[in-house]
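Chemist: Quick one: sequence plus predicted model below, questions after.
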Amino acid sequence: MRIGIGYDVHRFADNRELIIGGVKIEHKQGLLGHSDADVLLHAIKDAILGALALGDIGKHFPDTDEKYKGISSVKLLEHVWELVESKGYQMGNLDSIIIAEKPKMAPHIEAMREIIAKACRCEIGQVGVKATTTERLGFTGREEGIAAQAVVMLEKNC
Ligand SMILES: Nc1ccn([C@@H]2O[C@H](COP(=O)(O)O)[C@@H](O)[C@H]2O)c(=O)n1
Ligand SMILES: C[C@@]1(CO)OP(=O)(O)OP(=O)(O)OC[C@H]1O
């Protein structure tokens, strides 16, 4: 078994879509990034790569490379998962948390779990997604950005 941890932050910006966990969420602002800035999927991918000591997403998908400009983070997760399978591992389980004052994530959590489970070729029951505010404290509390954390456990195929 291998475990990994991931953490990411993206700042809010005008004229950007808000995409979290592969779900487009209606909000006054979106997150800024070279890709679609899906902070949750970035934390999950870093946790997966970390579990296999393969570095981080910046190493695999440099933000200086035009081919990743505006790219869907679901596509990048699918690519990371192909690496996992090529190394002979499968999903044990993953858990994650979105740290955001607003918007409300609860109505979108099931859709996020489905998207992540599909990309990682596992059951929805192996994928945890939660959300919390920081009670208006800090940069997330001031609605300057959103953070996400993830942990993953991978199991070696028999
Ligand atoms: N952006 C968010 C933040 C929180 N939630 C849900 O609300 C619950 C209460 O949040 P607290 O920070 O006050 O503990 C939390 O457990 C989430 O279910 C949310 O949907 N979206
Ligand atoms: C996802 C990538 C892709 O270029 O770009 P960003 O959306 O800027 O995201 P970040 O977490 O800052 O860096 C990782 C990059 O790999």
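Modeler: On my side now, so go ahead. Everything numeric here is computed off the predicted structure, so don't read it as measured data. Ligands and ions are numbered 1, 2, ... in the order given.

Chemist: So which residues on this structure come close to ligand 2?
Modeler: Asp8, Gly33, His34, Ser35, Ala37, His42, Ile57, Gly58, Phe61, Pro62, Asp63, Tyr68 (CB under 6 Å from any ligand atom). (Glycine included, C-beta is placed from N, CA and C.)

Chemist: For the first one, which three-state class applies?
Modeler: At Asp8, secondary structure determined by DSSP: H, G, I helix; E, B strand; the rest coil is strand.

Chemist: likewise the fifth one?
Modeler: For Ala37, the secondary-structure state derived from three-state DSSP is coil.

Chemist: What is the burial count for the nearest residue to it once chain neighbours are set aside?
Modeler: In space, and not counting its chain neighbours, Ala37 is closest to Leu31: 3.8 Å by CB to CB, 6 or more residues apart in numbering. By the criterion of other CB atoms under 10 Å, Leu31 has 25 neighbours.

Chemist: From what I see, Ile5 and Leu49 are in contact.
Modeler: No - Ile5 is not in contact with Leu49 according to CB atoms under 8 Å; the separation is 10.6 Å.

Chemist: Next SSE downstream of whichever strand or helix holds Asp95?
Modeler: Secondary structure from DSSP states H and E places Asp95 in strand 89-99. Going down the chain from strand 89-99, the next helix or strand is helix 109-119, by DSSP H and E.
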